[in-house]
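Asker: can't give you the sequence, but here's the structure:
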């Protein structure tokens, strides 16, 4: 499968160290050698860098990890094609991007959703995939659902609309297979922990420092106290903090209890 990484911050910051630790998993210490992508948000627009080549040997990825590109939201992905016939191609490489109401929306997925292309429940309306993956198809379907209820409008009330707009769709898609994903628009970051995702929150405690950062990854990147997100839950992050959720989207509809808070401490971001 693939691996995911995301960052939400109160003030622009870089993720150089996180990317340095993430890069070797793309074909060196991990089998995810079929492509990589990193999206940095700058206001309404996302700067998207990706290659259909292993991250571990990519000079472009190394340059990104070396440069201090500051952002309040970053979404990254390293890919292992599954099924293999959906192979190395730019159109099949995550993250995927679409414009909605003059704003970039970016999506990355870890898992597999067999049968989605032929399932009438997931017919598409406004958005259609450029590539072959079940991931991009699911992204298009979710955007349709978000627009249906007006949750694409970016304002302080959006988190309250986002989760209800996605709940049933995510539950149905999860019934097909594994559906861990990151969905961001530069203001809000939606996280679905279907099976495995971990969270680390960092708070700057120095006098006059108001920075707060949330990091999400398939597997912890450091030896700090990352906390696993409960399987089958949706979350919304903004400005470095969780602003909605966790909300259960487990197929059986059972409540899953409160999420244990991630550790908060003072670290270099």
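Answerer: Thanks, I have it. None of these values were measured; they are calculated from a predicted model.
Asker: quick one: pLDDT of residue 246?
Answerer: Predicted confidence (pLDDT) for residue 246: 90.
Asker: Tell me which stretches of this structure form helices.
Answerer: With DSSP state H, the ranges of helices along the chain come out as 16-22, 59-66, 134-148, 158-174.
Asker: Now for residue 183: which residues touch it?
Answerer: Residues in contact with residue 183, defined by CB atoms under 8 Å, 6 or more residues apart in numbering, are 105-107, 139, 142, 189-192. C-betas here are computed from N, CA, C, even on glycine.
Asker: Return the closest of these with respect to residue 250.
Answerer: Nearest to residue 250 out of those is residue 192 (CB to CB; 11.3 Å).
Asker: Neighbours of the closest one, how many?
Answerer: 27 (other CB atoms under 10 Å).
Asker: With residue 209 instead?
Answerer: Neighbours of residue 209 using other CB under 10 Å come to 11.
Asker: Check residue 43 too.
Answerer: 11.
Asker: are any of the contacts of residue 183 buried, and which?
Answerer: Neighbour counting by 16 or more other CB atoms under 10 Å classes 105-107, 139, 142, 189-192 among the contacts of residue 183 as buried.
Asker: For residue 12, see how far away residue 70 is.
Answerer: To residue 12, residue 70 is 4 Å away according to CB to CB, to the nearest Å.
Asker: Same list (the contacts of residue 183) but as a markdown table, adding distance to residue 96 and pLDDT.
Answerer: As requested, the contacts of residue 183 are exported to a markdown table (distance: CB to CB, whole Å; pLDDT from 0 to 100):
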| residue | distance to residue 96 | pLDDT |
| --- | --- | --- |
| 105 | 9 | 95 |
| 106 | 7 | 97 |
| 107 | 5 | 98 |
| 139 | 5 | 97 |
| 142 | 11 | 96 |
| 189 | 15 | 96 |
| 190 | 14 | 95 |
| 191 | 16 | 97 |
| 192 | 15 | 96 |
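Asker: And those residues, which is closest to residue 48?
Answerer: Nearest member of those to residue 48, counting by CB to CB, is residue 106, at 7.2 Å.
Asker: So what sits opposite that closest one in the bridge?
Answerer: residue 97, residue 184 (DSSP bridges).
Asker: same deal with residue 234?
Answerer: Taking DSSP bridges as the rule, residue 234 bridges to residue 192, residue 247.
Asker: Also residue 3?
Answerer: When bridges are called by DSSP bridges, residue 3 pairs up with residue 78.
Asker: Quick check: it touching residue 108?
Answerer: No - assessed by CB atoms under 8 Å, residue 3 is found out of contact with residue 108, at 9.6 Å.
Asker: out of these two, which sits in the busier spot?
Answerer: residue 108 (27 against 24).
Asker: residues touching that one, list them.
Answerer: Listed by CB under 8 Å, 6+ apart, the contact partners of residue 108 are 2, 4, 6, 37, 75-77, 94-96, 135, 181-182.
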